[in-house]
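Asker: okay, sequence plus prediction incoming.
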There are 2 protein chains.
Amino acid sequence: MEIPEQFIQIWGTLGTNWGINRTMAQIHALLLIKPFALSTEEIMEQLQVSRGNVNMNVRELIAWGLVYRELKSGDRKEYFSAHKDMWEVAQCIIRERKKREFDPLRKAIQELNAVPLEEDTPETQNYQKVLNELDQLTQQLDKMLDKAGSMDKNGITKKLLQWFI
Amino acid sequence: MEIPEQFIQIWGTLGTNWGINRTMAQIHALLLIKPFALSTEEIMEQLQVSRGNVNMNVRELIAWGLVYRELKSGDRKEYFSAHKDMWEVAQCIIRERKKREFDPLRKAIQELNAVPLEEDTPETQNYQKVLNELDQLTQQLDKMLDKAGSMDKNGITKKLLQWFI
DNA sequence: CCTAACTTTCATTTATTTTTGAAAGTTTTG
DNA sequence: CAAAACTTTCAAAAATAAATGAAAGTTAGG
């Protein structure tokens, strides 16, 4: 089977729209659909990207917990493979983006919200209201994301079902 | 009160991380914290950006349903204001991004998943499995996002609470 | 129907992000 | 310990995305 270009393309576009670089997403897609581990060279060839690019993005994927190194005995090369369970993949992404982006945002909002304002004008009142609501919203989201990122597969399925009862 | 720079900064960074351009996010932040409508000129001055940039991004914000035009009698200028309820803001963003990015993705996955493969090898089997799981996952997410985007405020609060029981 | 007040467009410019690839670094092996 | 096999780094180049601003377009008022 030749690599399903289209799947890799779609995954890459998805990444681009959500602030993840295209090559990283494409490498992930490639490793997802290959049932065996690939070497740097093989990834370079399949996606037509440079060695440095593959190296950086594979390391990033490993840091996200989406990809792992694999060694083949009698071979000095490193091989890379992706975790294939898509629910775990989703959780990995949730956990990682939460940690990197949501948590700092949440903290910043809390801090802004904690600063008492001197004046009391329509402007400050509205500002406080917006910040307050945002604080509540992010607090709820925080709990929800934590739960979603740590539930087991059955748990997720159940929770998702609850949305439609 | 001078504009709370920090809030605008944070909102802008958030946008950047999630594929929304900085100026668009910053204009949104500015209009959120101002209890009254602002003209193009005022936005230009507060954020130090060009007329064209403000025009394009305000229109985009209107298309998202986050901002609305306001006319002041005896004035030919257009003024812009943001919807202030942060729960509605969140829903607006969910609805809009779902429509623009998730729905096409979902459709593409369904289509890829529907194509029967000729061969039957470990490669095709794994490919099918990944696509299948992705199909299920996006199907669940699809329902969830629709629901989340259309529930009223009480509904959301209740649903969010369910995650912690 | 003309002019002033305002809005929109879009070719260029500018800024940001991503990629490249050669050099430096590291590990393994004979 | 030398040299081969491989990985990592990073300055420079390329690609992409966003911003500018002057010109074109629109609308309201007289």
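Answerer: Yep, that arrived. Residues are numbered from 1 along each chain as shown, chains lettered A, B, ... in the order given.
Asker: and the helices in chain A?
Answerer: Per DSSP state H, chain A has helices spanning A:5-17, A:22-33, A:40-47, A:51-64, A:86-97, A:103-114, A:122-150, A:153-162. These are given in chain order.
Asker: does any bit of the second one sit next to DNA strand D?
Answerer: In other words, helix A:22-33. No. Judged by C-beta under 7 Å from any atom of the strand, helix A:22-33 stays clear of DNA strand D, getting no closer than 8.0 Å. Every residue, glycine included, has its C-beta placed from N, CA and C.
Asker: and B:H28, which of the helices of chain A is closest to it?
Answerer: The stretch from those with the least distance to B:H28 (C-beta to C-beta) is helix A:122-150; that distance is 11.1 Å.
Asker: check which residues of the closest one are buried.
Answerer: A:123-124, A:126-127, A:129-131, A:133-138, A:140-141, A:144-145, A:148-149 (16 or more other C-beta atoms under 10 Å in any protein chain shown).
Asker: one more: stretch A:83-98?
Answerer: Residues of stretch A:83-98 classed as buried under the neighbour-count rule (16+ other C-beta under 10 Å) are A:84, A:86-95, A:97-98.
Asker: with stretch A:107-127 instead?
Answerer: By 16+ other C-beta under 10 Å, the buried positions in stretch A:107-127 come out as A:A108, A:I109, A:L112, A:N113, A:E123, A:T124, A:N126, A:Y127.
Asker: next: stretch A:60-67.
Answerer: In terms of neighbour count (16+ other C-beta under 10 Å), stretch A:60-67 has its buried residues at A:E60, A:L61, A:W64, A:L66, A:V67.
Asker: tell me the contacts of the spatially most central residue of chain A?
Answerer: Here the mean C-alpha position of chain A is nearest to the C-alpha of A:I93 (C-alpha atoms, centre = their mean), at a distance of 2.7 Å. A:I93 makes contacts with A:W64, A:L66, as judged by C-beta atoms under 8 Å, 6 or more residues apart in numbering or on different chains.
Asker: tell me how far it lies from B:D85.
Answerer: When C-beta to C-beta, to the nearest Å is applied, the distance between A:I93 and B:D85 equals 29 Å.
Asker: go on, A:A90?
Answerer: A:A90 is 29 Å from B:D85, where distance means C-beta to C-beta.
Asker: ok, now A:L134?
Answerer: Distance, A:L134 to B:D85, using C-beta to C-beta: 11 Å.
Asker: redo the buried residues of stretch A:60-67 as JSON lines? Include distance to B:V54 and pLDDT.
Answerer: Conversion of the buried residues of stretch A:60-67 to JSON lines gives the following (distance: C-beta to C-beta, whole Å; pLDDT from 0 to 100):
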{"residue": "A:E60", "distance to B:V54": "35", "pLDDT": "97"}
{"residue": "A:L61", "distance to B:V54": "38", "pLDDT": "98"}
{"residue": "A:W64", "distance to B:V54": "37", "pLDDT": "96"}
{"residue": "A:L66", "distance to B:V54": "39", "pLDDT": "97"}
{"residue": "A:V67", "distance to B:V54": "42", "pLDDT": "98"}
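Asker: now, which of those sits nearest B:L47?
Answerer: Distances from B:L47 to the buried residues of stretch A:60-67, taken as C-beta to C-beta, are shortest for A:E60 (32.4 Å).
Asker: these two touch, right, that closest one and A:I27?
Answerer: No. With the criterion set as C-beta atoms under 8 Å, A:E60 and A:I27 do not qualify as a contacting pair; they are 9.1 Å apart.
Asker: the lowest-mean-pLDDT helix or strand in chain A to helix A:122-150, inter-axis angle?
Answerer: Taking all helices and strands of chain A together, the one with the lowest average confidence (mean pLDDT, DSSP states H and E) is helix A:153-162, at a mean of 80. In this structure, helix A:153-162 runs at an angle of 130 degrees to helix A:122-150, with axes from the mean of the first three to the mean of the last three C-alpha atoms, to 10 degrees as the basis.
Asker: low-confidence ranges in chain A?
Answerer: Scanning chain A for pLDDT under 70 picks out A:1-3, A:165.
Asker: contact residues of chain A facing DNA strand D?
Answerer: Where proximity means C-beta under 7 Å from any atom of the strand, the interface of chain A facing DNA strand D comprises A:T16, A:S39, A:T40, A:R51, A:G52, A:N55, A:M56, A:R59, A:D75, A:R76, A:K77, A:E78.
Asker: so what's the fourth one closest to, chain neighbours aside?
Answerer: Spelled out, it's A:R51. By the measure of C-beta to C-beta, 6 or more residues apart in numbering or on different chains, the closest residue to A:R51 outside its immediate chain neighbours is A:M44, 6.0 Å from it.
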